[in-house]
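# I'll drop the sequence and a predicted model, then ask my questions.
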Amino acid sequence: MNIISISQNVSRLEFALFDKIGGAPLAEGELKNWMNQEIFKSIPEKITLLCGKTLRMKNRAFSADLICIRAPYGGEDFKSPELLTDKSIKKLRKIEHVAPMHIPALIELINLLKDYFRGTPISLVFETSFFTRLPEREYVYAVDPGLAGGIPLRRFGYHGIFHERAFEFSHDKDKGRSRVISICLEPIPEICAVKNGNPLMVTGGATPLEGLPGETTCGDIDPLIILSLSESLGWGPEEINKTLSRKSGIQGLTGKKMNFAGLFSSSDSNAVLAKNLFLYKILLATGSAIAAMGGVDAIVFSGRYHDLGKEIHTYLLSKLDLPVDNCEVLPDNLLRLTAEAGLLSLLKNK
């Protein structure tokens with residue numbers, strides 16, 4: 001079975017073609033600025049062209065038996081991966097206002113793929129589904145919920161696919177590991193405490209801006225900073241959002257575009273400061289995760305920078321009296337995990 005797996009954020013769409021779960025992709029690629037209308041309209045053709053070109057080099061023909069799409073929002077209405085139906089589209093349209101930059105584009109993408117790959121089943125895999133099981137004490141904010149006008153003011157995490165698989169990965173090795181700290185090292189990193197398969201604490205918030213600082217995201221800041229930027233610089237919501245989400249984090253502290261791999265290898269004084277800040281925030285979040293679960297049995301690193309896990313784990317061991325002295329790494333990438341979850345939803349419907 002050939003499975004196309006798709007993951008997207010505001011600036012980039014990534015895809016891969018798998019013919020078996022657990023194996024390397026047959027082909028993969030990415031489309032930058034995919035929301036640009038000229039690029040958007042040709043997404044199915046570009047995926048077919050790029051996958052077909054790679055497969056021809058292996059003397060294989062391109063075909064797709066299942067399309068799996070990672071959806072960053074919508075978990076409250078989709079508690080588990082779901083095979084696409086007309087009802088699914090109606091449910092998505094009802095929650096467009098929750099993530100106006102993401103869900104309308106997701107609906108358009110689905111319709112494009114449906115028209116191009118006629119008859120091919122599509123499975124939707126939602127990042128936030130995992131976090132609908134957060135305890136109320138963790139997801140509630142101490143503000144009047146009626147202020148948002150229908151938009152839920154609650155905490156979500158944004159790497160639920162990684163966190164859920166990290167727990168399963170560790171628990172499958174040792175059934176006694178019921179308390180797992182999942183440290184997802186993506187450009188927007190996130191830590192989650194998972195006990196008996198359920199999330200108890202997560203650093204992500206109502207948006208991915210909350211929590212740990214990222215490559216371009218600010219992480220936790222005092223809300224009054226936003227008001228100060230508005231008053232002193234005359235900035236409106238769009239400029240403030242652009243600064244905090246695209247020009248902060250590592251980039252804001254170093255003045256350079258730098259990923260986490262570059263940060264950890266740099267000797268530049270500003271980069272060293274940013275690295276120390278990041279490690280310190282991970283330390284605090286790890287302590288919170290241990291407190292939430294009443295202990296820890298395993299720490300699992302995942303995400304595209306999971307290779308940094310060993311260094312981070314050594315740092316944590318030097319600061320905390322941890323009973324966990326081994327560093328576990330989840331080797332799977334997001335596209336493979338999305339394909340696995342999507343395939344399960346297909347099999348359940350057969």
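All right, it came through fine. Numbering: from 1, shown residues only.

# from here on, contacts and neighbour counts on C-alpha atoms
OK.

# Let me see the contact set for the residue nearest to residue 307 when sequence neighbours are not counted.
Among residues not flanking residue 307 along the chain, residue 329 sits closest, at 7.8 Å (Cα to Cα, 6 or more residues apart in numbering). Residues near residue 329 by Cα atoms under 8 Å, 6 or more residues apart in numbering: 300-302, 306-307, 309.

# ok, the spatially most central residue of the chain - contacts?
What sits nearest the mean C-alpha location of the chain, by Cα atoms, centre = their mean, is residue 159, with 3.5 Å. Residues counted as contacts of residue 159 (Cα under 8 Å, 6+ apart) are 127-128, 184, 190.

# so which strand or helix has residue 258?
Using DSSP states H and E, residue 258 falls within no helix or strand.

# from what I can see it touches residue 252, true?
No: counting by Cα atoms under 8 Å, residue 252 is not a contact partner of residue 258; they are 10.1 Å apart.

# neighbour count winner among these two?
residue 252 (19 against 16; other Cα atoms under 10 Å).

# Now do the same contact list for that one.
residue 216.

# and stretch 185-198, average pLDDT?
Averaged across stretch 185-198, pLDDT comes to 98.

# Helix, strand or coil: sort out the nearest residue to residue 197 once chain neighbours are set aside for me.
Nearest residue to residue 197, sequence neighbours excluded (Cα to Cα, 6+ apart): residue 167, at 6.4 Å. Under the three-state scheme (DSSP: H, G, I helix; E, B strand; the rest coil), residue 167 adopts helix.

# Residue 171 - nearest residue in space that isn't next to it in sequence?
Per Cα to Cα, 6+ apart, closest to residue 171 is residue 177, 5.4 Å.

# Report the contact partners of the one you found.
Per Cα under 8 Å, 6+ apart, neighbours of residue 177: 170-171, 297-298.

# Give the buried residues for the strand or helix carrying residue 44.
Residue 44 belongs to helix 43-57 when assigned by DSSP H and E. Residues of helix 43-57 classed as buried by neighbour count (16 or more other Cα atoms under 10 Å): 43-44, 46-48, 50-55.

# For residue 255, see how far away the residue nearest to residue 171 is.
42 Å (Cα to Cα, to the nearest Å).

# correct me, but residue 245 touches residue 217?
Yes: Residue 245 is in contact with residue 217 according to Cα under 8 Å; the separation is 4.4 Å.

# When these two are compared, which one has more neighbours?
residue 217 (27 against 20).

# quick one: the more buried one from residue 335, how far?
On the measure of Cα to Cα, residue 217 and residue 335 end up 23 Å apart.

# Next: residue 28.
From residue 28 to residue 335 the distance is 10 Å (Cα to Cα).

# what touches both of residue 245 and residue 217?
In contact with both residue 245 and residue 217: residue 209, using Cα under 8 Å, 6+ apart.

# Quick one: the contacts of residue 177 as a markdown table, columns for neighbour count, distance to residue 89 and secondary structure too.
Putting the contacts of residue 177 into a markdown table (neighbours: other Cα atoms under 10 Å; distance: Cα to Cα, whole Å; DSSP: H, G, I helix; E, B strand; the rest coil) gives the following:
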| residue | neighbour count | distance to residue 89 | secondary structure |
| --- | --- | --- | --- |
| 170 | 23 | 35 | helix |
| 171 | 19 | 35 | helix |
| 297 | 20 | 41 | coil |
| 298 | 24 | 39 | strand |
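
# Out of the residues you listed, flag the one nearest to residue 285.
residue 298 (15.0 Å; Cα to Cα).
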